[in-house]
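J.: Give me coordinates for this.
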Amino acid sequence: MKRRSPYKRIKIRNITGSELLKDNEERWRLRSSNGSSLFRIWIVGVITEIYQGQNNYIGLKVEDGSGAAIVKSWDGNLESFSQWDKVEILGQIQISEQDEKIDVFITPDIIEKIVDDNWFIYHRLKIAQQNAFLDTEITVKSAVVEGIDLGIASLEDLKTKLKKLVKQLDKGSGVTMDDIIEKLPKIDESQIYDAITELLESGEFFEPQVGIYSIAFE
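T.: Residues are numbered from 1 along each chain as shown. Below you'll find the predicted structure:
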């Protein structure tokens with residue numbers, strides 16, 4: 001099966017318009033207007049500026065019509081990109097603080113050039129579809145997996161049940177996103193992505209491989 005990670009499709013304005021705050025462990029977080037954390041994101045846009053520096057540093061300014069974001073890499077994987085390239089980026093939000101200045105940027109996990117402009121339209125349509133299901137109150141029929149009742153009523157409840165489900169299904173090599181979605185057919189994938197993203201952020205889940213999840217601790 002194809003491995004899937006919970007990257008959330010967004011417009012760049014969702015990054016620039018989010019609230020910057022610290023969690024209980026004094027780590028910086030971005031909280032979107034609907035209350036969810038922004039961590040693994042999926043954007044499309046056009047490269048309007050390129051920055052180069054020491055130690056293989058390359059930065060890209062990417063715009064999508066709603067705002068601009070900075071993408072940074074220190075491993076040389078942005079060398080093939082040029083100004084005005086249209087790109088699709090799956091990456092992670094990073095927040096650094098130095099001399100009382102807070103810097104919010106993206107480190108790319110996957111970045112590819114877009115050759116078909118219809119991909120921009122598709123991306124916007126998928127965002128609209130995704131946002132239609134972002135309510136934290138989830139009404140579904142109970143799912144029972146190997147004798148475990150997975151009745152789910154909220155995002156926090158979904159996180160609890162996901163931990164129980166992954167523990168039950170994990171035979172030593174982790175559990176794929178497809179396996180999880182198959183067991184929870186009544187829950188929209190975007191809600192599952194939100195819950196798994198928060199579990200990864202809190203350290204309760206970890207990925208032995210991309211798109212495969214295991215319990216980090218009890």
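
J.: Residues in contact with stretch 205-218: which ones?
T.: Applying Cβ atoms under 8 Å, 6 or more residues apart in numbering, the contact partners of stretch 205-218 are 3-5, 109, 163, 166-167, 170, 173-177, 180, 196, 199-200, 203-204. Quick note: C-beta positions are derived from backbone N, CA and C, even for glycine.

J.: With stretch 193-203 instead?
T.: Under the contact criterion Cβ under 8 Å, 6+ apart, stretch 193-203 has outside partners 6-8, 29, 36-37, 39-40, 134, 155, 158-159, 162-163, 177, 180, 205-207, 213, 216-217.

J.: Show me which residues of that stretch are buried.
T.: Buried residues in stretch 193-203, counted by 16 or more other Cβ atoms under 10 Å: 193-200.

J.: and what of stretch 89-108?
T.: Result for stretch 89-108 [16+ other Cβ under 10 Å]: buried residues 89-91, 93, 104-106, 108.

J.: Let's see which of the buried residues of stretch 193-203 end up in helices.
T.: Mapping those onto helices (DSSP state H) picks out 193-200.

J.: Tell me the one of the buried residues of stretch 89-108 nearest residue 73?
T.: Minimum distance to residue 73 across the buried residues of stretch 89-108 is 6.2 Å, recorded for residue 108 (Cβ to Cβ).

J.: Could you give the bridge partners of the closest one?
T.: Per DSSP bridges, the residues bridged to residue 108 are residue 91.

J.: wait, doesn't it sit right on residue 93?
T.: No: counting by Cβ atoms under 8 Å, residue 108 sits too far from residue 93 to count as a contact (11.4 Å).

J.: which non-adjacent residue is nearest residue 62?
T.: residue 45 (4.2 Å; Cβ to Cβ, 6 or more residues apart in numbering).

J.: so the one you found sits in a strand?
T.: Yes: assessed by DSSP: H, G, I helix; E, B strand; the rest coil, residue 45 belongs to a strand.

J.: residue contacts, it?
T.: Contacts of residue 45 by Cβ under 8 Å, 6+ apart are 12, 62-65, 69, 86-87, 89.

J.: Now stretch 198-209: average pLDDT?
T.: Per-residue pLDDT values over stretch 198-209 give a mean of 81.

J.: Check stretch 118-137 too.
T.: The average of the pLDDT scores along stretch 118-137 is 71.
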